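> After the sequence you'll find the predicted model.
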Amino acid sequence: MQTRTRFAPSPTGYMHVGNLRTALYAYLIAKGDGGKFILRIEDTDRGRLIEGAVDVIYKTLKETGLKHDEGPDVGGDYGPYVQSQRMSLYMDYAKELIARGHAYYCFCGKDEEEQPHGHDNKGAQKYDRRCLKLSPEEVKANLDAGKPFVIRQRIPDGGSTSFTDEVYGTITVDNDEIEDQILIKSDGFPTYNFANVIDDHLMAITHIIRGSEYLSSTPKYNLLYSAFGWDIPKYVHCPPVMKDAQNKLSKRNGDASYDDLIAKGYLSDAILNYIALLGWSPGGEREKFSLPELVEAFSVSGISKSPAIFDTAKLEWLNGEYIKALSPDEFYALVRGRLESFIKDKNVDLYTLSTLLQKRTTKLTDVIEQSDFLNELPDYDPQMYVHKKMKTTPESSLEALCDILPVLEALPEWTIDAIHDAMMELVAKKGVKNGWLLWPLRTAVSGKAVTPGGGVELAYLLGRDETIKRIKTGIEKLK
RNA sequence: GGCCCGUUGGUCAAACGGUUAAGACACCGCCCUUUCACGGCGGAGAUAGGAGUUCGAUUCUCCUACGGGUCACCA
């Protein structure tokens, strides 16, 4: 039997990284087995419908490369792939369940008395099953009178239900713990739990990959599968992605979604790579994996049972690795727009700036802050000229700048090589170390402790006029 | 509160009865160096606690503690 997995998000307009990871694992399980990855939209909650939300899902899957083989947009043999378009199915199956004695009509309202849920210290209460006692005649009378109803699953009396999860192992729950959950809501829509079972079966899904928050409702699923006499799929529950030890990564964080991460300057490949490692280990020491490599390396047995805290520092490191692996042209293509709109002087050689920036960039957004001195010389402290290892002092720096000034003013050609050679010549002539001369130059032209290059590169980027001007400013400061 | 699940350095995690308990990020130090970074080398840092099973427990069992999930006509 072909492996078929599905990603079944509800359209919220927001791709949480936990959901993305679930999608990734589902994709990896399917592809690692030569199977199919299916996208199904779960929109049975009409109260929460959000315009354009499905597009966010398409866009994210496309950008990350998690290409689905079947789905609302690409079609497939098991459609439709949007639950709201499958409405007629659910009611039929619910009725079949009633006929088989595994479900029943319930005419109770939503008020407190009839739906005795609570969280007091006596434990939550279950629905008291009063409608289960209705006679067929009473049910028919209610139905004929047009009384609103829901359909509830009938959980067996006594005994227990077991299921085996691929990561958590076999879990057994007493049937007494399970409530007669609602299958069909009074608006005629199925609940998530019911639609899921129907659709997964109808779409021939073999592995159900989802968050561990569904672990406790899984016995109900199994009861439903066996009530229909259907094969039970394999379950793969994934531990949650946490913000810290106590809290899940949430929307409030501002970095819980794929788009948030992209906006912060992370690369799609790095994000995918990082989240793959959150809650899963390849076993070896390798950490960097492309999507095809993940397909190759992934195994359900490597999925962890315990929650994993999302570590931005590690993501940054990994992102930096991906950035460093880019060709200069690729990196330039990624930051060009940012630099163009930020750098005021249109004569700045942005390509060279980009190559200088690449090694020291961990997030694409870093390039702005690192380049700010190009727009304007900060008002820096003359003490910045002091560097113990370079053996520079304000006095020596003044001397160095005064030496440099005429050389650069007279330099016939303004290229990195020309500036570099001139400086080296000066170093040789003065009999000093490189740093003695170049540290003051870097400081004078940038006014910053951290810059994307040394004095030579920065002078080149700034152009002759600006460089001369800044050196003069430096000389004034030091006098 | 009931039920279910989890717990190896700050973080991600390997080791699935026998190891000096890997590795990575972060951190610290040194080297390289026209700054910072990159890169190289090195360092500190962990099996939640307690019983038991066993010749031997990170690993198996139980208890405790702590954490998470769930208990919706939401998914």
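Noted; the coordinates are in hand. Residues are numbered from 1 along each chain as shown, chains lettered A, B, ... in the order given.
> mind listing what the closest residue to RNA strand B within the stretch 351-479 of chain A touches?
Nearest to RNA strand B in the stretch 351-479 of chain A, going by CB to the nearest atom of the strand, is A:Gly454, at a distance of 1.9 Å. All C-beta atoms are positioned from the backbone trio N, CA, C, and that covers glycine. Counting by CB atoms under 8 Å, 6 or more residues apart in numbering, A:Gly454 makes contact with A:Leu438, A:Arg442.
> Over to the one 10 residues further on?
Contacts were defined as CB under 8 Å, 6+ apart; by that measure A:Arg464 touches A:Leu408, A:Glu409, A:Leu411, A:Trp414.
> Can you give me the pLDDT of the first one?
Read that as A:Leu408. In this prediction, A:Leu408 carries a pLDDT score of 96.
> residues of the helix or strand encompassing it that come out buried?
Using DSSP states H and E, A:Leu408 sits in helix A:394-410. By 16 or more other CB atoms under 10 Å, the buried positions in helix A:394-410 come out as A:Pro394, A:Ser396, A:Ser397, A:Leu398, A:Glu399, A:Ala400, A:Leu401, A:Asp403, A:Ile404, A:Leu405, A:Leu408.
> Pull up the per-residue confidence for the fifth one.
By that I understand A:Glu399. 95.
> what about the spatially most distant residue from the centre of chain A, distance to A:Leu272?
Farthest-out residue of chain A from its mean C-alpha position, per CA atoms, centre = their mean: A:Lys429, at 56.0 Å. Between A:Lys429 and A:Leu272 the computed distance is 54 Å (CB to CB, to the nearest Å).
> And for A:Ser135?
Per CB to CB, A:Ser135 is found 57 Å from A:Leu272.
> now swap in A:Lys62 and tell me
From A:Lys62 to A:Leu272 the distance is 13 Å (CB to CB).
> quick one: contacts for A:Arg100?
By CB under 8 Å, 6+ apart, the contact list for A:Arg100 reads A:Ala227, A:Phe228.
> right, I mislabeled it, should have said A:Lys133
If you count contacts by CB under 8 Å, 6+ apart, A:Lys133 has none.
> Tell me how far it lies from A:Arg100.
Distance of A:Lys133 to A:Arg100, computed by CB to CB: 19 Å.
> just A:Leu318 next, same as before
A:Leu318 sits at a distance of 52 Å from A:Arg100 (criterion: CB to CB).
> With A:Asp255 instead?
For A:Asp255, the distance to A:Arg100 - CB to CB - is 48 Å.
> cool, and A:Met87?
As judged by CB to CB, A:Met87 and A:Arg100 stand 21 Å apart.
> do the same with A:Pro219
A:Pro219 sits 18 Å away from A:Arg100, going by CB to CB.
> One more: A:Lys36?
30 Å.
> do the same with A:Leu61
38 Å.
> before we move on, back to that, would JSON lines of the contacts of A:Arg464 with distance to A:Phe163 be doable?
Formatted as JSON lines, the contacts of A:Arg464 follow (distance: CB to CB, whole Å):
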{"residue": "A:Leu408", "distance to A:Phe163": "76"}
{"residue": "A:Glu409", "distance to A:Phe163": "81"}
{"residue": "A:Leu411", "distance to A:Phe163": "77"}
{"residue": "A:Trp414", "distance to A:Phe163": "73"}
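> Pull the most distant pair out of the residues you listed.
Farthest apart among the contacts of A:Arg464 by CB to CB are A:Glu409 and A:Trp414. That separation is 11.2 Å.
> where does A:Val236 fall, phi/psi-wise?
For A:Val236, the backbone dihedrals (degrees, to the nearest 10) come out as phi -130, psi 100.
> Near RNA strand B, which residues of the stretch 151-300 of chain A are found?
The stretch 151-300 of chain A comes close to RNA strand B at residues A:168-169, A:171-174, A:177, A:179, A:181-182, A:185-187, A:189, A:191-193, A:212-217, A:240, A:242, A:245-248, A:277-281, A:283, A:285, A:287, as judged by CB under 7 Å from any atom of the strand.
> So which of these are in helices?
Among those, DSSP state H puts A:Tyr192, A:Asn193, A:Leu277 in helices.
> and the last one, how many neighbours?
Other residues near A:Leu277 number 19, with proximity taken as other CB atoms under 10 Å.
> thinking it is in contact with A:Arg286, fair?
No: look at A:Leu277 against A:Arg286 with CB atoms under 8 Å: they stay out of range, at 10.0 Å.
> Mind pulling up the pLDDT for A:Asp77?
At A:Asp77, the model reports a pLDDT of 96.
> Grab the two from the buried residues of helix A:394-410 that are most spread out in space.
Greatest spatial distance in these: A:Pro394 and A:Leu408, 20.5 Å, computed using CB to CB.
> now the helices for the stretch 301-450 of chain A?
With DSSP state H, counting those that start in this stretch, the ranges of helices along the stretch 301-450 of chain A come out as A:312-325, A:328-342, A:350-358, A:366-375, A:394-410, A:416-430, A:434-446.
> winner for burial among those helices?
Greatest average neighbour count among the helices of the stretch 301-450 of chain A goes to helix A:434-446 (a mean of 24), per mean count of other CB atoms under 10 Å.
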